[in-house]
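# Only the shape, not the letters, is given here:
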């Protein structure tokens, strides 16, 4: 577990993430599927937000558009005070490497690289200087200080996800996006990873946005955003497992698809 207060710089803007009327449609005219329908939200820096909704609600598309992994058809995405939408693919890649960290369900570690090598890979890809002492400090904070030379197949699933979290932190991103980060883990490992994500916010000063289907995982966040049919369908502050499960069970009763913007389509977590 991470213990020491980190001295790396905080996010440069008080507003970590802003989406303005973001829409995304897949398919052609006759079989179009609206994945996001004019979603607007603000998330302040240093917060932990879970995004939930039924299958097909648009939560994965929301993460992909907010993280620059996919481009919205319309609307603006602003990360750490700088607009991300628009520009070339090379510019988008550079933007992601400077401001965004990722934690995926399946870890996405390279099997031939050691724990330490996997952790510093984003720095090397970005052509940035590798601070070995800082890297080892982060790995120690996530409980892997004695696993630097291990390969991924020598680690448990929970340990591999810890490497992924260290890899996300080493670039000092403004926002860490986590896509079902506990989906492949047992209960104990999942709990440990969720505590690490909390400490990513509280100790490292980052902003975490986590997509999850699990009310237990969502209860570790500061707040939960609910999606249904590509639109925001409400939010819950200081979530509990029971409150999240209850809200999920009634999502169909709280969202509609009006022609214009509505209270359900905008969230300001500031």
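Sure, I can see it. Keep in mind that what you see is a predicted model, and the values were worked out from it rather than measured.
# So the nearest residue to residue 217 once chain neighbours are set aside, which state does it fall into?
Distances taken as Cβ to Cβ, 6 or more residues apart in numbering place residue 182 nearest to residue 217, at 5.3 Å, with adjacent residues excluded. All C-beta atoms are positioned from the backbone trio N, CA, C, and that covers glycine. Taken by DSSP: H, G, I helix; E, B strand; the rest coil, the conformation at residue 182 corresponds to coil.
# show me where this structure has strands.
For the chain, applying DSSP state E gives strands covering 15-26, 33-44, 48-52, 74-79, 82-83, 100-104, 175-179, 207-211, 223-228, 231-237, 266-269.
# any idea how far the third one is from the chain center?
Using Cα atoms, centre = their mean, to the nearest Å, we find the averaged C-alpha position of strand 48-52 to lie 8 Å away from the chain's own average C-alpha position.
# And for the shortest one?
On the basis of Cα atoms, centre = their mean, the separation between the geometric centre of strand 82-83 and that of its chain is 17 Å.
# Name every sheet partner of that strand and say whether each one runs parallel or antiparallel.
strand 74-79 (antiparallel) (DSSP bridges).
# So which bits of the partner strand are buried?
Across strand 74-79, burial judged by 16 or more other Cβ atoms under 10 Å covers 75, 77, 78, 79.
# could you dump the strands of the chain to CSV with mean pLDDT and distance to residue 192?
Output for the strands of the chain, formatted as CSV (pLDDT from 0 to 100; distance: least, Cβ to Cβ, whole Å):
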stretch, mean pLDDT, distance to residue 192
strand 15-26, 95, 25
strand 33-44, 95, 25
strand 48-52, 97, 16
strand 74-79, 94, 28
strand 82-83, 91, 33
strand 100-104, 92, 13
strand 175-179, 95, 14
strand 207-211, 96, 15
strand 223-228, 96, 21
strand 231-237, 94, 24
strand 266-269, 64, 26
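# Quick check: which of the ones you listed is nearest to residue 126?
Closest approach to residue 126 among the strands of the chain (Cβ to Cβ): strand 100-104, 11.5 Å.
# which helices and strands does that closest one pack with?
When contacts are defined as 3 or more Cβ pairs under 8 Å, 6 or more residues apart in numbering; DSSP states H and E, strand 100-104 sits against helix 157-169, strand 175-179.
# How about residue 154: what's its closest non-neighbour residue?
Nearest one to residue 154, counting by Cβ to Cβ, 6+ apart, is residue 147 at 8.0 Å.
# How about the contacts made by the closest residue to residue 53 other than its chain neighbours?
Distances taken as Cβ to Cβ, 6+ apart place residue 227 nearest to residue 53, at 3.6 Å, with adjacent residues excluded. Taking Cβ atoms under 8 Å, 6 or more residues apart in numbering as the criterion, residue 227 is in contact with 39, 51, 52, 53, 57, 58, 59, 62, 233.
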